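Participant: Here's a sequence, model it:
(2 chains)
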Amino acid sequence: MSEADCPECGAGVDLHDDLEVGEILDCGTCGAELEVLAADPPELDTAPELEEDWGE
Amino acid sequence: MKIGILYSRIRQDEKLLLNELRDRDHEIEKIDVRKHQFGLDGTTANVEELDLVVDRCLSTSRSLYATRFIDHYDVPVVNSPETADVCADKVKNSLALDDAGVPTPDTKVTFTVDAAMEAIESFGYPCVLKPVVGSWGRLMAKIDSESAAEAILEHKKVLGHYEHKVFYVQEFVDKPGRDIRVVATDGEPVAAMTRTSDHWLTNAAKGGDTDAFELDDTARDLVEKASDAVGGGLLGVDLMEVGGEESGEYTVHEINHTVEFKALNGCVDTDVPATVVDWLERKAQTPEAPQ
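Facilitator: Coordinates of the predicted model:
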C-alpha cells in the first residue's frame, strides 16, 4: 500500500494496490473527496462536485 | 477483444467490470469523456480499433451525447444512444413502457403550476412529483397535502432549470416497504434484489437494505418486455409489487441505462460482473445482432 498527500489538507492518504485512474477516494483526515489523476506515481486532486444529472 | 469504456468517474461498478475484463486478457481503452472532443468527422478519443464501447458515464448528459457520437463513428456501443435517450427521461420511459403494454404507474405531465396542481388533485394525496431527469432518488417528492404541493411547485417554478417546469406527476404506489431491482442483459435477468427501507424511497443509494430476490415467471416476462420497450441492453429494471409481497403483480416504474450493480453483486450468489462481461463478449462478436 502506498501513500499520497491530500491536496485539500496535506495529510497522507493511504492508497490501495489496484488504484484506478478516475477513481474517487476519501481523505481519512479531512473527508474531502479526491480523484485519482494518475496511479503510478499516484496523483490526487479534489473531485468534481456532484452534478444534477449524475446517477445511473 | 478490445473494449472501450466511456467514463468520467470510476465507481466500484466500473472497477468490477475493469477487473473482470483484465482477468480475461481483454484490451481496455479507458475514455475519460471530460478530456476529449467529439467532432462530426472523428474524435480525439482512440475508438477506431475498438470492438465495442461500453457507456459507463456517470453524467446523463455526457452519456447521451458521447454514445451518439460513438454510434456516429460506426463503432458498436452499449447501451445504444436510442436506449439511453428513452431511459434518461422519465416521460419517454413511461410512454415506452405503456406503448409496450408493460404495467407502469399512472402518470400525468403538465407544463404549468396550475395544470400540475390539477393533476395532483386528480390523483389525490399522497402522490408523487419527480424530475424528468435525475437519479438516486434526488428531488423526488411524496406530496401529502395541498399546501405541500403548492410549496413544492412554487420552488420548482422559481428555482428550477427549465426541465423542472415539466411537471411529472405520478400515482403513489403503496409498495410493501421494498421494490425490486433487476439487472438484465437484453431482457435476460442477471440477478435481482429487493431494496427495503422504512422511507418511501428505497433506493440502495438512499441506504435501502438489499437482499437477493428470486424472480417469478411474471416478473421475468415483464423484465423482458420492459427491456425490449427501450431497445434492450445492459439495464436496471425497477419493479414494485402491487397488492403486497405475495400478490405476484408488479408495476415497472423505471429502467436505468447506466445501471449500478455493486449492491446487487454483494447480495446475490451470481457473479454479476462476470455475467455482464459474458454478455459484452457476445455483443462484441455480433454487434449487429438485433437487440
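
Participant: count of neighbours near residue 41?
Facilitator: Assuming you mean chain A. Counted with other Cβ atoms under 10 Å in any protein chain shown, the neighbours of A:Pro41 add up to 7. Placement of C-beta: from N, CA and C, glycine included.

Participant: The intended chain is chain B.
Facilitator: By the measure other Cβ under 10 Å, the count of residues near B:Asp41 is 6.

Participant: partners of the helix or strand of chain A with the lowest mean pLDDT in the sheet?
Facilitator: Ranking every helix and strand in chain A by mean pLDDT, DSSP states H and E puts strand A:2-5 at the bottom, with a mean of 90. According to DSSP bridges, strand A:2-5 forms sheet pairs with strand A:12-15 (antiparallel).

Participant: and after the partner strand, which helix or strand comes next?
Facilitator: strand A:24-26 (DSSP states H and E).

Participant: So which bits of the least confident helix or strand of chain A are buried?
Facilitator: For strand A:2-5, the neighbour count (16 or more other Cβ atoms under 10 Å in any protein chain shown) marks A:Ala4 as buried.

Participant: and if you look at stretch B:185-197?
Facilitator: B:Thr185, B:Asp186, B:Gly187, B:Pro189, B:Val190, B:Ala191, B:Ala192, B:Met193, B:Thr194, B:Arg195, B:Ser197.

Participant: can you tell me if it touches chain A.
Facilitator: No - using Cβ under 8 Å from any Cβ of the partner chain, we find that stretch B:185-197 stays clear of chain A, coming within 13.0 Å at best.

Participant: So the closest residue to chain A within chain B, which state does it fall into?
Facilitator: In chain B, the residue that lies nearest chain A is B:Ser135 (2.0 Å; Cβ to the nearest Cβ). Classification of B:Ser135 using DSSP: H, G, I helix; E, B strand; the rest coil returns coil.

Participant: Give me the distance between the closest residue to it other than its chain neighbours and B:Val158.
Facilitator: Nearest non-adjacent residue to B:Ser135, counting by Cβ to Cβ, 6 or more residues apart in numbering or on different chains: A:Gly55, 2.0 Å away. Using Cβ to Cβ, to the nearest Å, A:Gly55 is found at 24 Å from B:Val158.

Participant: ok, the two, which is more surrounded?
Facilitator: When neighbours are counted by other Cβ under 10 Å, A:Gly55 and B:Val158 differ, and A:Gly55 comes out ahead with 22 against 8.

Participant: sec struct for the residue of chain B positioned farthest from its centre, please.
Facilitator: Distance from the C-alpha centroid of chain B, by Cα atoms, centre = their mean, peaks at B:Ser147 (31.6 Å). With three-state DSSP as the basis, B:Ser147 sits in helix.

Participant: And it, how far from B:Val276?
Facilitator: For B:Ser147, the distance to B:Val276 equals 46 Å [Cβ to Cβ].

Participant: now swap in B:Trp200 and tell me
Facilitator: Distance from B:Trp200 to B:Val276, by Cβ to Cβ: 30 Å.

Participant: quick one, which of the two is more surrounded?
Facilitator: Neighbour count, other Cβ under 10 Å: between B:Trp200 and B:Val276, B:Val276 has more, with 23 against 16.

Participant: ok so that one is a strand residue?
Facilitator: No - judged by three-state DSSP, B:Val276 forms no part of a strand; its state is helix.

Participant: shouldn't it be in contact with B:Leu234?
Facilitator: Yes - shown here, B:Val276 and B:Leu234 form a contact pair, counting by Cβ atoms under 8 Å, at 6.2 Å.

Participant: okay, and the common contacts of these two?
Facilitator: Shared contacts of B:Val276 and B:Leu234, defined by Cβ atoms under 8 Å, 6 or more residues apart in numbering or on different chains, are found at B:Val183, B:Thr185.
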